[in-house]
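Undergrad: A structural model of the following input is requested.
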Amino acid sequence: MHKMFRILSITAVVICIFTTACKKNNPSNLAKETIGLTVQEGENGYLLQWDKVNTSDFINYEIYRSDSPLPEPTPDEPLNINLRIASISDRDKNSFTDSLLFGISTNVYYKVIAKLAMRTLSSNSIKNTTNNIVLNGSFDYAYYNSDLDYIYFLSNNVVKIYDNTNNTLKLNGKTIDGGLATNLYYDDKLKFNTQTNGDKEVYLMNNNYSISSYDASTMTKKETFNFNLSNPNFTTFDVYQNHLYLLNDNTDSLLVYNTSTHQVESQIYLSSLSQYNSITISKDKSTMILAPGYNGSLYYSYNFNLNATGIPTLTHAENMQVNSASSGKIAVSNNGQFMTNDIFGAIFSSSFVNIGNLQSTFFNEQFTNYKFSTDNQYIFAQSFASTSSIKAFSLTDFSLIHSYFNTSSYYFLKGKNIIMVSNGSLGNQIIISNKQTNLP
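TA: Next up, the predicted model:
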């Protein structure tokens, strides 16, 4: 009898242990457990960090992102798989950088799920923190007026103006009379100008090869300039005070037009122009560079002394092979001493002497969309790798100073700081982000 009692007791204990284990490992009988999650904005994206799971039955972490709060998942209603942006099988890797930093709205939520063999741990739904500004709509082209700190957005024939200083929409949308030129290869559809009396202006080329001037704050039309040419094909233009400078592909010439007298003052004949040519005037108005957009060879450099006349004087023409970046125009430093559009980062003087190359961080690194800082100490460029980034280099030795992640189509410099704009990926939105570069 005593032996039988021992057998029954042992059997009962085994059954109890087995039953308890089954109950404990049944997900439906488990109390919900959470893991801590933090989200903060960094230079390279949103940095997510969460509590590491130290169990032997770990399977993976799953990161979810949405433009609305993410619910708590259940066995019957798991999270939408389309919202999952990453899966990590390394138990010790408990951080993730979401690279959509500048292409998403301010309403972005994250949740991290830790999947174990018989249960799931879930974080709260955490909202991102960002300094992004969100505007309704979208755009085709963006331009920055550094004098006014305005961003101009063009969509079809409608212009929108954002006051970057006061974070306000100054002009919600105004239709441009006559439409916008569609023949320009570069984004040279809009130019800024300051008259001698201080008036701030915007110039736009119309579809009929005329150019109209507008008040820079209200986009009220001031005047339209027609050039009365029999065979115009303007591929790019620039403006300074009372002169327009236009490249005419059909006649291989640089046209100089006086907006005060409404007369063509000069037609300088050149060689081998094409729709890909660009014209850039340095900010100090000392240098004008005419350059091909693709792998052309004929570059022109002009002295640009407007104290005596509005007509530039050719100082140098050079046949040279530059690996031109196809998606950006020539960039000239504000003092006219440096220029580039080389896809591999070659920097040239205004007389086309190669004076150095930007420091590369990987083999055959390519650059485009160059911009020079106003103090002539730095050059910025977009670099292409697995992800796009903006890199800042010293103009002293062309060494790399810093790299900033970027997914936007456009970026501008405000002093040494970066303004990034993009069409939002989570809806019909324009995203504006101001970033401190922290350069010396």
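Undergrad: any regions of the stretch 1-150 of the chain where pLDDT drops low?
TA: Of all residues in the stretch 1-150 of the chain, those with pLDDT under 70 make up the ranges 1-32, 42-44, 100-106, 129.
Undergrad: go again with 50.
TA: Low-confidence segments of the stretch 1-150 of the chain (pLDDT under 50): 5, 7-8, 10-32.
Undergrad: and if you look at the stretch 201-350 of the chain?
TA: Of all residues in the stretch 201-350 of the chain, none has pLDDT under 50.
Undergrad: just the strands in it please.
TA: 211-215, 221-225, 234-240, 243-248, 253-258, 263-269, 278-281, 287-291, 298-303, 313-319, 331-332, 338-340, 346-349 (DSSP state E, counting those that start in this stretch).
Undergrad: how about these in CSV, adding distance to residue 391 and mean neighbour count?
TA: Heads up, the C-betas are built off the backbone N, CA and C, glycines and all. Converted to CSV, the strands of the stretch 201-350 of the chain look like this (distance: least, CB to CB, whole Å; neighbours: other CB atoms under 10 Å):
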stretch, distance to residue 391, mean neighbour count
strand 211-215, 35, 19
strand 221-225, 39, 14
strand 234-240, 26, 21
strand 243-248, 30, 23
strand 253-258, 33, 20
strand 263-269, 36, 14
strand 278-281, 21, 21
strand 287-291, 22, 25
strand 298-303, 25, 20
strand 313-319, 27, 14
strand 331-332, 14, 26
strand 338-340, 13, 26
strand 346-349, 14, 19
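Undergrad: can you add distance to residue 126 and give those back as JSON lines?
TA: Converted to JSON lines, the strands of the stretch 201-350 of the chain look like this (distance: least, CB to CB, whole Å):
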{"stretch": "strand 211-215", "distance to residue 126": "45"}
{"stretch": "strand 221-225", "distance to residue 126": "49"}
{"stretch": "strand 234-240", "distance to residue 126": "47"}
{"stretch": "strand 243-248", "distance to residue 126": "52"}
{"stretch": "strand 253-258", "distance to residue 126": "57"}
{"stretch": "strand 263-269", "distance to residue 126": "61"}
{"stretch": "strand 278-281", "distance to residue 126": "45"}
{"stretch": "strand 287-291", "distance to residue 126": "48"}
{"stretch": "strand 298-303", "distance to residue 126": "52"}
{"stretch": "strand 313-319", "distance to residue 126": "56"}
{"stretch": "strand 331-332", "distance to residue 126": "40"}
{"stretch": "strand 338-340", "distance to residue 126": "42"}
{"stretch": "strand 346-349", "distance to residue 126": "44"}
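Undergrad: right, and these - which one's nearest residue 433?
TA: Shortest separation from residue 433 across the strands of the stretch 201-350 of the chain is recorded for strand 331-332, at 22.0 Å, computed as CB to CB.
Undergrad: just the residues contacting the closest one, thanks.
TA: Residues external to strand 331-332 that are found in contact with it (CB atoms under 8 Å, 6 or more residues apart in numbering): 280-282, 287, 289, 338-341, 350, 370-372, 379.
Undergrad: repeat that for stretch 264-271.
TA: Under the contact criterion CB under 8 Å, 6+ apart, stretch 264-271 has outside partners 227, 243, 251-258, 290, 298, 300, 310-312, 314.
Undergrad: now residue 402: how far from residue 251?
TA: Look at residue 402 and residue 251: by CB to CB, to the nearest Å, they are 45 Å apart.
Undergrad: please apply the same query to residue 133.
TA: For residue 133, the distance to residue 251 under the criterion CB to CB works out to 45 Å.
Undergrad: for residue 316, same thing?
TA: Going from residue 316 to residue 251 by CB to CB gives 22 Å.
Undergrad: and residue 80, by the same measure?
TA: As for residue 80, its distance to residue 251 is 59 Å (criterion: CB to CB).
Undergrad: for those two, indicate the residue with more neighbours.
TA: A count of neighbours by other CB atoms under 10 Å puts residue 251 above the other of residue 80 and residue 251, at 17 against 12.
Undergrad: gap between the spatially closest residue to the more buried one that is not a sequence neighbour and residue 135?
TA: Sequence neighbours aside, residue 231 is the residue nearest to residue 251 in space, at 6.6 Å (criterion: CB to CB, 6 or more residues apart in numbering). With the distance defined as CB to CB, residue 231 ends up 41 Å from residue 135.
Undergrad: out of these two, which sits in the busier spot?
TA: residue 135 (19 against 8).
Undergrad: for the helix or strand that contains that one, name the packing helices and strands.
TA: Residue 135 belongs to strand 133-136 when elements are defined using DSSP states H and E. Of the remaining helices and strands, those touching strand 133-136 by 3 or more CB pairs under 8 Å, 6 or more residues apart in numbering; DSSP states H and E are strand 158-163, strand 429-435.
Undergrad: what does it contact?
TA: 105-106, 153, 160, 162, 167, 169, 424, 428-433.
Undergrad: next, count neighbours for residue 210.
TA: Residue neighbour count, defined by other CB under 10 Å, stands at 17 for residue 210.
Undergrad: typo on my end, it should be residue 147
TA: By the measure other CB under 10 Å, the count of residues near residue 147 is 10.
Undergrad: gap between it and residue 191?
TA: Going from residue 147 to residue 191 by CB to CB gives 13 Å.
Undergrad: confidence score at residue 166?
TA: Reading off the confidence values, residue 166 has pLDDT 95.
Undergrad: contacts only, for it.
TA: With contacts taken as CB under 8 Å, 6+ apart, residue 166 has no neighbouring residues.
Undergrad: distance of it relative to residue 75?
TA: In terms of CB to CB, residue 166 sits 51 Å off from residue 75.
Undergrad: just residue 230 next, same as before
TA: Residue 230 sits at a distance of 77 Å from residue 75 (criterion: CB to CB).
Undergrad: need the contact list for the closest residue to residue 88 other than its chain neighbours.
TA: Closest residue in space to residue 88, ignoring its immediate chain neighbours: residue 61 at 4.4 Å, by CB to CB, 6+ apart. The neighbourhood of residue 61, defined by CB under 8 Å, 6+ apart, consists of 50, 53, 87, 88, 93, 94, 96, 112, 113, 114, 115.
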